Each structure stands twice: as structure tokens, then as C-alpha cells.
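Student: what shape does this take:
(2 chains)
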Amino acid sequence: MKVLFVARNVFRRLRHDLLTVFMIGTIPLIFILLFGYAFSGSPTEIRVIVVNHDRGALTLNTREFGQITVERSLSAELIAGFGKKVFHIRRMDDESAGERELKEGRAWAVIVIQPGFSQGLIDRVLQIKGEMPYTYQGRTIHLLPRKEAATGPGITLSIDRSNVPVADTVVATMERALNNLLFAYIGGRDVDLRELLKIDYVYAGKADYLDYYSPGVIGFAVTVITSMLTLIALVREERNGILERLLTFPVHPWELSLGYTLAFTVIAILQALEVILIAYFLFHTMFVGSLLLMLFVIVVYTIGLQGMGTLLSGLARNEFQAVQYALLIIIPGLIITEAFWPVEALSPALRPIAYVMPLTYLNRALRAVMLRGWGISGIWFEIVVLASYAAVMLGLSILLMKRRAHTR
Amino acid sequence: MDAAIRTENLTKRFGHLTAVDRLSLVVPRGETYGLIGPNGSGKTTTMRLLCGILTPDSGEISVLGYRIPSFAVLRKIGYMPQENAIYPDLSVRENLYFFGRMQGLSHRKIQSRTDEVLRVVHLEGKRDALARDLSGGMQRRVSLAAAMIHRPELLFLDEPTAGVDPDLRVFFWAHFKRLTEEGTTILISTHYLEEASRCHRIGLMSRGRLVQEGPPQALEEATHAATLEEAFLTLVGKKEEE
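Tutor: The predicted structure is shown next:
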């Protein structure tokens, strides 16, 4: 049976390629660990600002004592009902300051509880129930509807919808908390929440999941092709001796590095344009920002990524190893860089990794431009991070290009 | 004597292995100098040191009057490595164009030089063929052409005739002879002893050392050998015994 010898020969060869053996063991492990931790649940610790104008002073109409005034804050009960995990709540007194935080991307939502929220809610409950028992000074009395019942939405919720999964979680959490609160008073009877809750979207109000994903797809596609191309191209040129031959030409290492960078950047731009055009014309995804700014950010990112690819190609001895190294960039890029899942949806253990991955900043910048329509002033931080990454990686790759043959 | 290459106590180690061991070499200008020796004797490492690809652990190198490493000398040398080191997915002409550009030649100059070097390597008819579609011997010739595109003063040829047909090999050597007559210096490594006998001078390498050097006839005489091959075996054998 020659089949067995062919198979055995594969394993024999692997004995002399311990790096590949290591990768064979490690890559599935990384994959499953990342996925396991990534899908640990829905978004948590969403940055939310609460502006509570409700003082919780209730005027109640009772059968036993007529009109009485009590201190009871239903807004506090509502906030407690959000739970501790989903929202990371920051309280503010000034509504417009809260809106500013939202518009500048430092919070995903502002919950403004209007003055008289508690009063309005209890009035509505009594209108539905007609009468309700209530414990007052140690005895049970009965509440009756008031003639001058408060009306109008008790809560305004402003949301940045450029992060669709997070925005949906905010709305769902808000509605659940309101429903739970109402259930405690009126049981299963229906209340139209729209009477109590007014939702405004500051950005990307009409965005759906496709709109949210498309910037991620662009970033991810650029990552996959650029890292594969850089790694394989360089490993191939090293293996067939071209890099070594070029060292005997009057060519500076930076000329080589920049030359490759230029070419792969053009490829990355063409790719990004392809994805953007198809997403826009075929799927009508949302696009409110500047195309040029997007391409600029992609270029900066690609330069850094190529530097990284160049560094890894120095470690890879053959194309097979090159592909495995590329996977080391691609797999985390798929899962923990907000390409598809917001950082809020990652388990807390993975979140720090997201903040050291350059792709996270690219995805944030692309989303901010495509869905919020932000300009340079809105994404300057992301640009600074990506540019620093590019500078460091390009510098290191030039150094490596220089030392490459010398260490062979 | 005006030397094209001069090294003193050149040493290069890879881990525990001393690939080149205190090598002192002088190659006069306008000569063909042949490095011969068994596999692993340090010929290729020596060439790579001389081209500046590798940095020596100790010792001095001077090439065409430049102390290595030198950027300026790179315009004057041509290196043909053991691997073909050409782009398989480019045509012959495109390969030569790229390497010409990397030497800083102008578009026009490359075109005239391309015609010239393709004539030398007998590939005029293949200029638009993709390198990967050529036979191994033809690819070798493209590689040689790439090393000569800028008309270097000094050529490093690492096993240039490996895999090349015997009749073409003869043609190559005729060209090398013409080049040296025009003043080009050639350092060549080879396995073929009959080729080595065409050199002005040969150096026998064994275990990183220069065991013996001199004109081919002198080596034959010194070892009382009938052929260079025999001389080589005698000398390397002696060395092994030490």
C-alpha cells in the first residue's frame, strides 16, 4: 500500500518543520478560545449617560385620606432595573452636556428621565387599573385615578446607532426595564411603551446590521489580502534568492520596503473601493461620510499591516508557514477588532486585546466616517494610533530588510 | 599589483561552523579567478561576503578599492547567485528591465544593454517568454544576463554553468575571456575542474580555508599531478590528513 507511505512521508517531513507542528496545534486553540470568549453573551458595560430630572414626589388621590403627597421615585426603580452589567452608567445633571458626549462618541446613549416621570407613570397605571392598594404609614389604603393626570413621554432616549448591536441592546434593555416596572404595578396588561418612551437617533438612525457590518467587511477584506500578499510575496522572493540578489544592487532597503508598500497599498485601495461600491450600489448600505477620508485611513492602516507582514515573513521559512502567520493576524482580526462584534459584546478578558489591535481603530474610523459622517476632527485619535503603528512597523521592516540576509 | 579583490584574515561563522576561516585572497584586475572546492568548503559564503550580503565576523575586505560594506561599489559589481533569483512571473525582458532599473540605468540604456546581454546568453528569441516557461538552463542564462546588464567591472559568478548545456558552456567561457580582455574581473566558483583550468588563477578551498592557489598549471606541477582533478584530490586529501 503506497497510500500509507505517502501519508507517513507527510508526517516524517513535519518532524523537521516544528514551527508548522506548533501552528497545527496552536491555531485551532486560538480560534476556539477567541470564539468561546467572544461569544460569551450580548453587549455589556455599554457607556450610557443618565440625566434624571425626576424628583420622585408623588401626589396621590386616596379613598381613605383624599389627596396625599409621598416620596417615591419610580425612576430610581427603573434605573435599578437596568441591572449592573449591561450599562456602564454615568450620571449627569445637564441634558445638553449629555447630548454633547453622545455626539462626540463618548457614550452610546443618553437616557433623559423627564421631571414628573414617577407621577406620570403612576397616573397612567391608575388610569388602567382604576384602583390600586398601597401601603401608607403601615396600613393598606387605596389609590384612585387623578383628574389632572400627567401625560407625555416620561423618558427620552438618544442613541448613536452607528453601532447597531449596541444600540439595539440599549433599546431592548430600556424596554425590558420599563416593562418590568409596569408589570410590578399592573401585571400583564398592555401599555404602549411609545407613550412613555421617545427614542431619537443622533447618528445612523436608519442603519441596520448590513450597514453596521459593511465597514467591518472592508477592514477585514483589506487585512486578509494585504497580510497574505505581503507575507507570501516576500517569502517567495526570499526563497528564490531575489531579495539576496537585490542586496548586491545599489538599492537602499527603504526603497525596497517603500516600493512594496506602495504596490500593496494600491491593491488595498482597489479592494476597498470594490467592496464599497458593491455594498453601496448593490446592497444600498449607508454611506454618509467622505470616501477620500476612508481611503486615507485605509492607506495608513495598510502601511502598518505590510510592515507587520514583512516582519512575520522574516520568521517564515516557506509559503506554508507564511499562510499560518497570516492566519495569526486574520483570526483575531475577525473576532476581536469590532469588524463584526462590538468590543462591548466581547468578554471582559478579551477587551484589552481589542485595544491593541490596529484593526479595531480602522473599523472604528471607518464606521465613524461611513455611518456618522464624521470628518478628520472626529477620528483624529484613530488616525494617530494607526499612523504610529504604521511608522513603527515600517521602520522595523526597513531594519529587518537590512539585516535579513545577514542573519541567514 | 592592482587588486580587484583583497581580503585579509576573513572569517565567517554560522553558530559552531566556521564557514570561512582566516581567508586572505588577492584577485588581480582583469583576471578570471576560479574558486574550486567540494560542497560546503566555503565558496558561496566567500562570494556573499565579498558582495556585502553577509557581514564577516572578522577580517577586512576591499573590492575595487572600496572597503566593504560599501554602497558605491554596488554599481560596479554584478552577482549571479546559485539560485536563479529571477522573477518567474515576468518575461525575460521584464526581468532585465527591472534589474537594470535597480542598477539605476535609463530606459534607453537598458534597451540597448538588453539586446547585448541576450545575444551573449543566446536568448534573443526568448525575450518575451515568461521566465517560468524556460528550461532550467535558460533560466540560468537569464540570471547571468541580469548580473551583466550594467556592464560591471567585477562579476561574481556562483556556479554559473550548473545545468547549462556543454556547447553553451564553451560559449560562456569564450565570453568570459572576452570580458577579461576588456578589463572585467571575474570571480567564479565551479564544480567543473576542466572549467577551472580556463581561469588565470585558481584557489582551492577546503573547510573554509584557501588550501592552495596559483595558475592552474602551477598547481598541477606542484602536486605532480597529471590533471587538475588529481591535483585537487591530492591537495584536499593532504589537508584532511593534517
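Student: just list the residues touching residue A:201, thanks.
Tutor: Shown in contact with residue A:201 (CB atoms under 8 Å, 6 or more residues apart in numbering or on different chains): A:158, A:159, A:160, A:161, A:167. In short, each C-beta sits where N, CA and C put it, glycine included.
Student: so which of these is the closest to chain B?
Tutor: Nearest to chain B among the contacts of residue A:201, counting by CB to the nearest CB, is residue A:161 at 47.1 Å.
Student: helix, strand, or coil at the residue nearest to residue A:162 when sequence neighbours are not counted?
Tutor: If the residues on either side of it in the chain are set aside, residue A:162 comes closest to residue A:371, at 3.8 Å by CB to CB, 6 or more residues apart in numbering or on different chains. Classification of residue A:371 by DSSP: H, G, I helix; E, B strand; the rest coil places it in helix.
Student: and what of residue B:122?
Tutor: coil.
Student: report the contact partners of it.
Tutor: Taking CB under 8 Å, 6+ apart, one finds B:141, B:168, B:171 in contact with residue B:122.
Student: hmm, the first one is touching residue B:164, no?
Tutor: Yes - the pair residue B:141 and residue B:164 passes the contact test of CB atoms under 8 Å, sitting 7.0 Å apart.
Student: just want to know which of those two has more residues nearby.
Tutor: residue B:141 (26 against 19; other CB atoms under 10 Å in any protein chain shown).
Student: next up, identify which helix or strand the more buried one is on.
Tutor: In the assignment (DSSP states H and E), residue B:141 maps to helix B:136-148.
Student: list the buried residues of that helix.
Tutor: B:138, B:139, B:140, B:141, B:142, B:143, B:144, B:145, B:146, B:147, B:148 (16 or more other CB atoms under 10 Å in any protein chain shown).
Student: run a quick neighbour tally on residue B:133.
Tutor: 12.
Student: quick one: it and chain A, what's the gap?
Tutor: Between residue B:133 and chain A the distance, using CB to the nearest CB, to the nearest Å, works out to 16 Å.
Student: can you read off the pLDDT for the residue nearest to residue A:162?
Tutor: Note on residue A:371: pLDDT of 94.
Student: surely it is in contact with residue A:286?
Tutor: Yes - the pair residue A:371 and residue A:286 passes the contact test of CB under 8 Å, sitting 5.7 Å apart.
Student: give me the common contacts of the two.
Tutor: Contacts common to residue A:371 and residue A:286, judged by CB under 8 Å, 6+ apart, are A:204, A:207, A:211.
Student: for the residue of the stretch 51-200 of chain A at minimum distance from chain B, helix, strand, or coil?
Tutor: Closest approach between the stretch 51-200 of chain A and chain B, counting by CB to the nearest CB: residue A:162, at 42.8 Å. Look at residue A:162: counting by three-state DSSP, its state is coil.
Student: wait, doesn't it sit right on residue A:365?
Tutor: No - using CB under 8 Å, residue A:162 is not in contact with residue A:365, being 11.6 Å away.
Student: where does the prediction get shaky in chain B?
Tutor: B:1, B:238-242 (pLDDT under 70).
Student: residues contacting the residue nearest to the spatial centre of it?
Tutor: The centre of chain B sits closest to residue B:157, judged by CA atoms, centre = their mean, with a distance of 2.0 Å. Residue B:157 makes contact with B:80, B:144, B:147, B:186, B:187, B:188, B:189 under the criterion CB under 8 Å, 6+ apart.
Student: over to it. Which of the three states is it?
Tutor: From three-state DSSP, the assignment for residue B:157 is strand.
Student: what bridges to it?
Tutor: Taking DSSP bridges as the rule, residue B:157 bridges to residue B:80, residue B:188.
Student: all set now, cheers.
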